[in-house]
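S.K.: Need coordinates for the below:
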Amino acid sequence: MLKYFYQRGRQLKKVMHFGAGNIGRGFFGQLYYESRYHIVFVDVVDEIVRTINQQKGYQIWIVGNEIEKVHIDNISCISLSNHKDVIEESKEINLFSISVGVNNVKNLVPVIAEIIKTKAVSKKDSFMNIIIGENMKNASEILGRQLIQFFSPEERDFFEKKVGLVETVLGRMIPIVPEQLKKQHPLIVLVEPYKTMPVAKRMFKGELPDVNGFLFVDDIEPYEAMKLYIHNFTHAAFAYAGYQKNYTFIWEAVADEKIKNTVEKAYIEVQQAICKKYKMGIEQLDNYYNDLLERFSNKKLGDTVVRVGREPIRKLGFEDRIIGAARLCHEMNIKPEYICFFAACCLHYNQIHDDESQKLQNLLKTYGIDYVIENICGLQMSHEIAQLIKSNYINFWKLLKKML
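M.R.: So this is what the prediction gives:
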């Protein structure tokens with residue numbers, strides 16, 4: 001039976017969300033609040049835990065044509081280090097979600113496993129669902145493998161029959177809060193108006209949760225491909241092109257017709273590949289891309305080239321937005337010519353305040369382009385994509401004048 005909070009005349013179910021960062025507060029938090037949930041955040045940062053419990057609320061500023069200020073309340077927070085309290089609080093909760101960053105998911109596995117083990121004894125006839133709010137391919141399978149090693153045969157049976165590991169796609173843009181504003185409102189989050197969250201309908205166990213903004217889809221994979229290879233890739237492409245033309249904001253790069261035309265050519269390569277693989281209509285993808293361009297052009301959001309372009313080593317990973325998009329095109333027999341140009345743009349991203357950017361430049365200087373393509377991008381130099389990237393990298397300054 002669900003436990004409810006009563007506050008200001010409203011009956012509230014409870015949800016536990018791991019990660020009280022920008023995605024947790026600025027995306028999941030708003031959707032749960034609007035759906036009449038009391039949100040129990042779990043976080044590792046003591047200051048965030050303390051501030052949430054002291055203030056018992058925070059502001060989200062939705063930045064569109066006008067700024068809409070939303071106050072989120074009915075929240076509490078527990079430190080992840082306090083396993084006992086997390087387990088105790090979880091006993092009457094059936095809906096969980098996480099957004100801690102891909103590299104930090106493994107740190108949640110022991111406590112999530114303990115929650116499942118406890119429910120296998122005390123709530124063996126009930127269902128629980130964990131929504132994985134990470135841009136991680138095969139997230140359900142990966143988390144499942146990590147969890148299952150903690151279970152006895154009886155617990156494994158409960159896990160497989162009663163626990164849903166649900167993949168989702170996070171598409172809301174959340175820029176960095178200016179320091180001055182953060183000093184006034186420590187928990188504030190700036191977000192764009194877009195708040196749709198596709199979730200994998202078939203991965204849920206039991207009843208579907210009633211959450212405003214959830215878009216239940218039968219097949220999540222095409223939506224993951226659209227998010228990673230259209231949204232994330234073109235966003236990064238505008239950032240790396242914008243850097244080369246000394247722009248500060250993403251909207252400036254989108255407003256540059258030459259950049260916009262070259263990004264569109266790369267988009268068309270991805271569009272053709274996704275249409276071919278997932279049997280999707282061109283019109284659906286074009287509508288999605290045109291909506292993205294409008295969102296990227298939001299001046300009031302103040303999203304910067306530096307924020308979107310940060311961590312270029314991660315973005316050049318084998319499964320990530322740039323190489324992943326190129327590989328998808330190659331798989332579908334489409335030459336990723338313009339995608340590989342933007343891979344070269346990323347390789348030439350030399351931002352002095354970005355640690356990964358500086359590490360990447362040092363690797364290129366010390367070991368050369370072949371080493372980086374093989375060890376960062378995960379491609380053999382004999383691969384067509386590797387040769388395209390190398391050619392674009394070597395001839396970059398000539399191509400730059402033509403492309404941008």
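
S.K.: low-confidence ranges in the stretch 201-350 of the chain?
M.R.: Along the stretch 201-350 of the chain, no part satisfies pLDDT under 70.

S.K.: Strands along that one, start to end?
M.R.: 214-217 (DSSP state E, counting those that start in this stretch).

S.K.: Next, name the residue at the spatial heart of the chain.
M.R.: residue 135 (4.2 Å; C-alpha atoms, centre = their mean).

S.K.: Tell me the secondary structure at the residue lying closest to that residue once chain neighbours are set aside.
M.R.: The shortest distance from residue 135 to any non-neighbouring residue, by C-beta to C-beta, 6 or more residues apart in numbering, is to residue 170 (6.1 Å). Just so you know, the C-beta spots here come from the backbone N, C-alpha and C atoms, and that holds for glycine as well. Secondary structure, DSSP: H, G, I helix; E, B strand; the rest coil: residue 170 is coil.

S.K.: re earlier: would you mind confirming that the residue nearest to the centre of the chain makes contact with residue 229?
M.R.: No - look at residue 135 against residue 229 with C-beta atoms under 8 Å: they stay out of range, at 11.6 Å.

S.K.: overlap in contacts of those two?
M.R.: Residues touching both residue 135 and residue 229 (C-beta atoms under 8 Å, 6 or more residues apart in numbering): none.

S.K.: Could you verify my assumption that residue 400 touches residue 244?
M.R.: Yes - contact between residue 400 and residue 244 holds when scored by C-beta under 8 Å: they sit 6.2 Å apart.

S.K.: Next, the contact list for the closest residue to residue 293 other than its chain neighbours, please.
M.R.: Of all residues not flanking residue 293 in the chain, residue 254 sits nearest, at 6.2 Å (C-beta to C-beta, 6+ apart). By C-beta under 8 Å, 6+ apart, the contact set of residue 254 is 238, 260, 293, 296-297.

S.K.: any idea which of the residues you listed is the one closest to residue 117?
M.R.: For these, the closest approach to residue 117 (C-beta to C-beta) belongs to residue 296, at 44.6 Å.

S.K.: Cross-check the contact I'm expecting between the closest one and residue 237.
M.R.: No - using C-beta under 8 Å, residue 296 is not in contact with residue 237, being 10.5 Å away.

S.K.: Whichever of the contacts of residue 254 end up buried, select them in ChimeraX.
M.R.: Buried residues among the contacts of residue 254 (16 or more other C-beta atoms under 10 Å), as a ChimeraX selection:
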select :238,260,296,297
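
S.K.: Let me have the contacts of residue 254 in CSV, adding distance to residue 188 as columns.
M.R.: Below are the contacts of residue 254 laid out as CSV (distance: C-beta to C-beta, whole Å):
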residue, distance to residue 188
238, 26
260, 32
293, 27
296, 22
297, 23
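
S.K.: Tell me if residue 25 really is in a strand.
M.R.: No - Residue 25 is assigned helix when assessed by three-state DSSP, not a strand.

S.K.: For it, which non-adjacent residue is closest in space?
M.R.: residue 189 (5.0 Å).

S.K.: separation between the one you found and residue 212?
M.R.: Residue 189 sits 17 Å away from residue 212, going by C-beta to C-beta, to the nearest Å.

S.K.: And the two? Which one has more around it.
M.R.: Taking other C-beta atoms under 10 Å, residue 189 and residue 212 do not tie; residue 189 has more neighbours (24 against 14).

S.K.: mind checking the longest helix of the protein?
M.R.: helix 257-278 (DSSP state H).

S.K.: Dump the C-alpha coordinates for that one into CSV.
M.R.: Taking C-alpha atoms only, helix 257-278 is exported to CSV below (Å, rounded to 0.1, in the frame of the first residue of the first chain):
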residue,chain,number,x,y,z
GLU,A,257,23.8,30.7,-41.8
LYS,A,258,27.1,29.1,-42.9
ILE,A,259,27.3,27.0,-39.7
LYS,A,260,23.6,26.2,-39.8
ASN,A,261,23.9,24.9,-43.4
THR,A,262,26.8,22.7,-42.6
VAL,A,263,25.2,21.3,-39.5
GLU,A,264,22.1,20.6,-41.5
LYS,A,265,24.1,18.5,-44.0
ALA,A,266,25.5,16.4,-41.1
TYR,A,267,21.9,16.1,-39.8
ILE,A,268,20.7,14.8,-43.2
GLU,A,269,23.3,12.0,-43.0
VAL,A,270,22.0,11.0,-39.6
GLN,A,271,18.4,11.5,-40.7
GLN,A,272,18.8,9.0,-43.6
ALA,A,273,20.5,6.5,-41.3
ILE,A,274,17.8,6.6,-38.7
CYS,A,275,15.0,6.5,-41.2
LYS,A,276,16.6,3.4,-42.8
LYS,A,277,17.3,1.5,-39.6
TYR,A,278,14.1,2.3,-37.6
